[in-house]
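Q: okay, sequence plus prediction incoming.
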Amino acid sequence: MNASPRIVILGAGFAALTAVRELRKRAPRAHLTLVAPKAEFVYLPSLIWIPSGLRQGSDLILPLNRFLKDHGVEFVAGRVTGLSDGGRTVLTDSGPIENDALIVATGGRFIKKLPGIEHALTLCEGVASAEAIRDRVNAMSGGRIALGFGGNPNEPSAMRGGPMFELLFGLDTLLRRQGKRDRIELTFFNAAAEPGKRLGEKAVSGLLSEMAKRRIDTHLGHKPLGFTEKGVDTEGGHINADLILFMPGLTGPAWAPDSGLPLSPGGFFQADEFCRVKGAERVFVAGDAGSFPGPDWMPKQAHMADLQAKAAAENLLLALNGKAPTARFKVELICIVDTLSSGILVYRDLKRSLLFPSLRMFHWAKRFFERHYLKAFRE
């Protein structure tokens with residue numbers, strides 16, 4: 001390996017920052033370059049708390065200047081537009097960036113193809129969307145909120161349902177606190193008859209039981225057809241709604257087709273069990289931008305992105321030394337479905353699937369983990 005190999009990391013989310021930590025720990029002399037539109041990290045898991053006021057947007061946007069300096073990382077502000085030379089050159093709107101090895105950790109993007117999608121708000125698009133949801137809910141004195149999530153028809157596992165369950169239960173708690181729940185109805189809709197099945201069989205029954213306990217209406221097993229100002233149209237009929245909150249399925253980055261690298265049916269970078277992009281030399285992927293071998297319930301979540309990033313970083317350095325990869329990431333789902341006052345803990349790996357009932361301690365555990373994770377950026 002070169003004494004100072006040029007390693008480029010694309011993105012500024014969980015996978016990208018974990019990759020930076022792992023690379024710097026294992027290769028103190030490597031030249032690391034991080035490419036992202038802004039030198040900031042948005043802690044997406046806590047967007048669910050913005051509508052209730054438990055968090056403000058400014059709490060979740062962390063500048064990366066000190067993190068980058070502490071880890072000796074060069075930052076390039078730019079948007080990726082493609083790759084050339086088999087990944088050895090990253091094309092950006094700020095100019096080309098050459099590398100000896102590359103990690104793609106830009107995340108995915110939402111599929112915005114349903115007719116009338118502009119009438120729905122998507123929580124995980126960022127702080128602005130979460131704040132828009134907060135303002136719309138606070139302005140309501142009555143009516144109905146319809147919440148749901150979709151998938152990628154070409155890659156069914158590419159969905160993010162957990163935050164919508166959290167938003168659903170959190171809004172129920174919030175509206176009760178505000179004294180408006182008896183005037184504002186909640187309806188959860190999904191194309192699957194058993195939503196959340198990827199969390200495990202016990203999770204499905206647990207989530208549906210929680211909805212019933214909270215008097216949340218359900219419209220399940222009917223594919224959404226589109227949205228209007230008046231509600232949601234599905235194959236099973238129309239849902240009247242004054243506010244629509246919808247999480248579309250995921251696909252790969254917009255520039256992926258211009259990368260020259262193989263993509264999965266769902267539009268993600270096709271990776272092997274070592275996080276190597278197939279058909280490319282010294283190009284790795286971690287997080288939501290990749291399609292990985294494994295069970296169909298493998299989650300698109302921050303914890304999984306961290307595990308993949310560690311494996312990608314280790315295998316990248318082995319590749320630079322001309323060695324075969326050895327690091328495989330663990331397939332593991334850990335999710336606390338927060339309700340604003342308590343939490344339902346879901347765990348799943350290749351051997352077991354567990355569900356722990358709603359307890360206040362899990363809500364505080366989620367807050368503690370947030371504080372612990374962000375400590376590195378706030379000190």
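A: Received the coordinates, thanks. Residues are numbered from 1 along each chain as shown.

Q: going forward, measure contacts between C-alpha atoms and count neighbours the same way
A: Fine.

Q: got a list of what Pro293 touches?
A: By CA atoms under 8 Å, 6 or more residues apart in numbering, the residues touching Pro293 are Ala271, Asp272, Glu273.

Q: most neighbours, which of the residues you listed?
A: Neighbour counts for those (other CA atoms under 10 Å) peak at Ala271, which has 24 neighbours.

Q: flag the shaky bits of the stretch 201-350 of the chain, pLDDT-wise.
A: The stretch 201-350 of the chain contains no residues with pLDDT under 70.

Q: mind redoing it with 80?
A: 201 (pLDDT under 80).

Q: where along it do the strands fall?
A: Assignment of strands within the stretch 201-350 of the chain using DSSP state E, counting those that start in this stretch yields the ranges 217-220, 224-228, 231-234, 237-240, 243-247, 250-251, 269-270, 283-285, 290-291, 333-338, 343-348.

Q: direction included, what does the third one pair against?
A: Yep, that's strand 231-234 we're talking about. For strand 231-234, the paired strands and their directions (DSSP bridges) read strand 224-228 (antiparallel), strand 237-240 (antiparallel).

Q: hang on, isn't Gly142 packed against Gln178?
A: No - contact criterion CA atoms under 8 Å: Gly142 and Gln178 do not qualify, at 12.0 Å.

Q: this protein: helices as residue ranges?
A: With DSSP state H as the criterion, the chain has helices at 14-26, 57-60, 65-70, 127-139, 162-178, 201-213, 302-320, 360-378.

Q: and the residue positioned nearest the centre of the chain, its phi and psi?
A: With the centre of the chain defined as its mean C-alpha position, the nearest residue by CA atoms, centre = their mean is Gln301, 4.9 Å away. Here is the backbone geometry of Gln301 (degrees, to the nearest 10): phi -150, psi 170.

Q: quick check: the gap between it and Leu307.
A: Separation of Gln301 from Leu307 (CA to CA, to the nearest Å) stands at 10 Å.

Q: ok so, going back, for the strands paired with strand 231-234, could you give me a markdown table that also reports distance to Arg24?
A: Shown next, in a markdown table, are the strands paired with strand 231-234 (distance: least, CA to CA, whole Å):
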| stretch | distance to Arg24 |
| --- | --- |
| strand 224-228 | 46 |
| strand 237-240 | 52 |
